[in-house]
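Chemist: quick one, what's the 3D model for this:
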Amino acid sequence: MSSAGRALIALLLCLTLLLCLSASAALGVGVATAAAGGAGTHTSLPVIERQVMCVTCKIPLDVAQSPQADRERAFIQSLIDEGQTEAQIKRALIGQYGPTVLALPSAHGFDLTVYLVPLAAIMALLVTLVVLLPRWRGHARDQATRAVDAPRLSSTDAARLDADLARFD
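Modeler: The predicted structure is shown next:
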């Protein structure tokens with residue numbers, strides 16, 4: 001394998017590692033925040049609205065305009081007025097409306113596949129590129145070599161070709 005091929009593989013491996021680390025860090029932050037329960041943080045209605053769905057409209061609560069969305073907003077505001085944290089409000093919403101009220105699935109159990117399947121697909125594509133790209137480049141080099149090794153024109157054929165081309169000038 002050429003040095004360019006090794007450099008490409010190293011670059012792709014670094015990008016894959018970076019992608020995995022950023023995804024795991026994002027999941028870890030979400031899990032850590034949920035585990036902490038948002039302790040000591042005061043939340044607001046707009047913050048929660050962006051993270052939950054209207055259960056009848058199936059769109060984010062911050063853009064939903066329906067009586068059900070208004071009832072959800074009132075319920076959330078009453079929980080905020082009681083001084084509940086973001087995690088407590090989300091648990092209360094799940095208890096009231098079910099898990100479909102959350103805009104993003106949890107990072108636990110089967111819901112974790114929502115985050116892992118795209119990562120696996122991207123990694124599979126990168127591995128495919130790492131395997132196939134050197135083959136494609138080698139194939140292109142072989143074709144270029146064959147073109148160079150093509151038989152030369154005889155002097156009579158070259159003269160006839162020049163005469164034919166001269167007629168079109």
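Chemist: show me where the protein has helices.
Modeler: Using DSSP state H, the helices of the chain run over 3-36, 45-49, 67-81, 86-97, 113-148, 155-167.
Chemist: what residues of the fourth one count as buried?
Modeler: Okay, so that is helix 86-97. Buried positions in helix 86-97, judged by neighbour count with 16 or more other CB atoms under 10 Å: E86, A87, Q88, I89, K90, A92, L93, Y97. To be clear about C-beta, it is placed using only N, CA and C from the backbone, and glycine gets the same treatment.
Chemist: let me know the pLDDT of the second one.
Modeler: Looking at A87, its pLDDT reads 89.
Chemist: what does the last one give?
Modeler: Here the pLDDT value assigned to Y97 is 90.
Chemist: nearest to L79 among the buried residues of helix 86-97?
Modeler: Closest approach between the buried residues of helix 86-97 and L79, by CB to CB: I89, at 4.7 Å.
Chemist: quick one: buried residues of stretch 131-138?
Modeler: P134.
Chemist: spatially central residue for the protein, please.
Modeler: P118 (6.0 Å; CA atoms, centre = their mean).
Chemist: any stretches of this structure with poor pLDDT?
Modeler: The model of the chain has pLDDT under 70 over residues 1-5, 7-8, 11-14, 17-41, 105-107, 111, 147-150.
Chemist: about what we covered before: for the helices of the chain, which one sits closest to I59?
Modeler: Across the helices of the chain, closest to I59 is helix 67-81 (CB to CB), at 8.7 Å.
Chemist: where's the residue nearest to the centre of the chain relative to C54, distance?
Modeler: 26 Å (CB to CB, to the nearest Å).
Chemist: can you check Y115 too?
Modeler: The value you get for Y115 to C54, if CB to CB is used, is 24 Å.
Chemist: next one: L126
Modeler: Counting by CB to CB, the gap from L126 to C54 is 38 Å.
Chemist: got it, and Q143?
Modeler: 58 Å.
Chemist: the two: which is more packed in?
Modeler: Ranked by neighbour count (other CB atoms under 10 Å), Q143 and C54 place C54 first, with 23 against 9.
Chemist: show the backbone phi and psi for the more buried one.
Modeler: C54 has phi and psi values of phi -80, psi 130 when expressed as degrees, to the nearest 10.
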